[in-house]
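Novice: Here you go, sequence then predicted model.
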Amino acid sequence: MNERWGGLGADYGAALERYVDAGEEVDLEAAHAFSREAFGDEMSVLDVVGLHRRVVEQLLVRASSAEVGLVAASFTYLSEALSTFEMTQRGFWEAQHHAEREHAIALALQHDLLPRAVPEVTGLDLSVRYLPGEVGSHAGGDWYDVFELDAKRVGLLVGDVTGHGVAAAAAMGRLRVAVLAHALAGLGPADVIRRVDTLLDQLATGEVATMVYVVADPGKGRLVVANAGHPPPIIIEPSGVARRVDLAHGRLLGLRPPLPRRDQAVTEIRSGGHFLLYTDGLIEPLERAGEDGIAHLCRVVEGFSGTAQELCDHVIGELAPEGTSDDICVVAATLTAQPRQRRLGRRRPRRLQLRAIDPSSLSHPEPK
């Protein structure tokens, strides 16, 4: 026995002997105290079993040889069983520690790659919620972005890379940068998605992703939408009616060969209306239970009136009140400005101004 556990072993032996002789329930308190001290002294399960065996052998000096042999054999069997148990437990703890460490790294990577702030956009109230999966689950590849394209338009998107962990978080970062670069270069939603699809094909990393990209023009009350296999946006009219935007819904990203053309479509939104982008982690539990998650989400937001922040809180509170096993990303926007009126009237004809002409300034041909 380790010398530093000698005193602990002697106390254990004395307490065990008292319990064997008297059998009083109160003597078991010493066993509880021993367990706490053993844990503090970093004793393993096998160390405790070994100590207990030696103490029992000392108590059996008054027993017959057959009884001693039986007890010794039973402790040998127990030691073998507990050795396997301890190895299995140690392996589980190491795997759990590795998973927690990878989860923390992936979350830190996601945090660094996602936008630090949401821009202030005239005529549009914006809010974002990002909920990482619970500890013990794998961090996913969900991402979002909100960025100004010019003084009148803003780009909003959410996406999801298949897979989990650090690899998915890194892939999410690559796609976010690619989308931002193409969007700021002036490409429309359809062309942005087509370019990102081509990028995934060129990288040949096997990554598959979904994404919905919306260009909002609050002044015109117009949304230009392109969707690559992602759950559709939801629009809540000022009247409270909720509708899903299934326009321009195409194939997800990363499948070969990349599509040579992607579609985009335009939908209108009125002042006081809201639109909602989200990742599948919001509706996936409903889908697994056999329910139409998107239809359920529409019912949840039906009749909503309030700010974009209140819309995010309402959706999360209804669909993920106790956290989530998967990442959830929600982007909400409320149109706060009256759309600019398009002037379709005819131009007034320009007024022709005549001025007096000096007859002497006119040239006349000479008579022949």
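Specialist: Cool, got the structure. Numbers count the residues shown, from 1 in each chain.
Novice: ok now the host helix or strand of L180, how far from the chain's centre?
Specialist: L180 belongs to helix 165-184 when assigned by DSSP states H and E. Mean C-alpha position of helix 165-184 versus that of the full chain (CA atoms, centre = their mean, to the nearest Å) differs by 14 Å.
Novice: Ends of stretch 249-268, what's the gap?
Specialist: Start-to-end span of stretch 249-268 (CA to CA, to the nearest Å) is 17 Å.
Novice: Okay, buried residues for that stretch please.
Specialist: The neighbour-count criterion (16 or more other CB atoms under 10 Å) identifies H249, G250, L252, L253, G254, P258, R262, D263, Q264, A265, T267 as the buried residues of stretch 249-268. All C-beta atoms are positioned from the backbone trio N, CA, C, and that covers glycine.
Novice: What of stretch 183-190?
Specialist: For stretch 183-190, the neighbour count (16+ other CB under 10 Å) marks A183, G188, P189, A190 as buried.
Novice: Wait, the last one touches A265, no?
Specialist: No - taking CB atoms under 8 Å as the definition, A190 is not a contact partner of A265, at 9.0 Å.
Novice: Overlap of the contact sets of those two?
Specialist: Between them, A190 and A265 share the neighbouring residues A226, A248, with contact defined by CB atoms under 8 Å, 6 or more residues apart in numbering.
Novice: Against V118, how distant is D125?
Specialist: 10 Å (CB to CB, to the nearest Å).
Novice: now swap in A242 and tell me
Specialist: Noted for A242: a distance of 23 Å to V118, by CB to CB.
Novice: Now, the buried residues of stretch 249-268 that are in strands?
Specialist: Under the assignment DSSP state E, those contribute H249, G250, A265, T267 to strands.
Novice: Quick check: pLDDT value at the last one.
Specialist: For T267, the model assigns a pLDDT of 97.
Novice: residue contacts, it?
Specialist: The neighbours of T267, taking CB under 8 Å, 6+ apart as the test, are R222, L223, V225, I235, V245, L247.
Novice: Look up which residues are beta-bridged to it.
Specialist: L223 (DSSP bridges).
Novice: Pick the one among the buried residues of stretch 249-268 closest to P285.
Specialist: L252 (21.0 Å; CB to CB).
Novice: Quick one: the helices in this protein, in order.
Specialist: The residue ranges that make up the helices of the chain, judged by DSSP state H, are 6-22, 29-40, 45-59, 65-113, 165-184, 189-203, 284-288, 293-301, 308-319.
Novice: got the buried residues for the first one?
Specialist: Looking back up the chat, that one is helix 6-22. Residues of helix 6-22 classed as buried under the neighbour-count rule (16+ other CB under 10 Å) are L8, G9, Y12, G13, A15, L16, Y19.
Novice: packing partners for that helix?
Specialist: Secondary-structure packing of helix 6-22 (3 or more CB pairs under 8 Å, 6 or more residues apart in numbering; DSSP states H and E): helix 29-40, helix 45-59.
Novice: most neighbours per residue, which of those helices?
Specialist: Ranked by mean neighbour count, the helices and strands packed on helix 6-22 are led by helix 45-59 with a mean of 16 (mean count of other CB atoms under 10 Å).
Novice: Which strands or helices does that helix pack on?
Specialist: Helices and strands touching helix 45-59, by 3+ CB pairs under 8 Å, 6+ apart, are helix 6-22, helix 65-113.
Novice: before we move on, back to that, distance to V146 for the buried residues of stretch 249-268 - can I get that in TSV?
Specialist: Below are these laid out as TSV (distance: CB to CB, whole Å):
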residue	distance to V146
H249	21
G250	22
L252	22
L253	20
G254	24
P258	26
R262	21
D263	23
Q264	18
A265	21
T267	19
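Novice: Which member of those is positioned nearest V208?
Specialist: When the buried residues of stretch 249-268 are compared for distance to V208 (CB to CB), G254 wins out at 3.9 Å.
Novice: The residue nearest to that closest one when sequence neighbours are not counted - how many residues pack around it?
Specialist: Taking CB to CB, 6 or more residues apart in numbering, and ignoring the residues beside it in sequence, G254 has V208 as its nearest neighbour in space, at 3.9 Å. Neighbouring residues of V208 were enumerated by other CB atoms under 10 Å; the total is 16.
Novice: who's in contact with V208?
Specialist: V161, T162, L200, L252, L253, G254, L255.
Novice: Wait, the fourth one touches N227, no?
Specialist: No - contact status for L252 versus N227: not in contact, 9.5 Å apart, counting by CB under 8 Å.
Novice: residues shared between the contacts of these two?
Specialist: Taking CB under 8 Å, 6+ apart as the contact rule, L252 and N227 have no neighbour in common.
Novice: what's the residue closest to the geometric middle of this protein?
Specialist: D327 (2.5 Å; CA atoms, centre = their mean).
Novice: Can I get stretch 309-324 as CSV, trimmed to CA atoms?
Specialist: Included here for stretch 309-324 are C-alpha records, laid out as CSV according to Å, rounded to 0.1, in the frame of the first residue of the first chain:
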residue,chain,number,x,y,z
GLN,A,309,-35.9,41.8,-31.2
GLU,A,310,-39.3,40.8,-29.8
LEU,A,311,-39.9,38.6,-32.8
CYS,A,312,-36.6,36.7,-32.1
ASP,A,313,-37.5,36.4,-28.4
HIS,A,314,-41.0,35.1,-29.3
VAL,A,315,-39.8,32.5,-31.7
ILE,A,316,-37.0,31.2,-29.5
GLY,A,317,-39.3,31.2,-26.4
GLU,A,318,-41.9,29.2,-28.3
LEU,A,319,-39.7,26.7,-30.1
ALA,A,320,-36.6,26.4,-27.9
PRO,A,321,-37.5,27.5,-24.4
GLU,A,322,-35.2,25.0,-22.7
GLY,A,323,-32.2,25.3,-25.0
THR,A,324,-31.3,23.2,-28.0
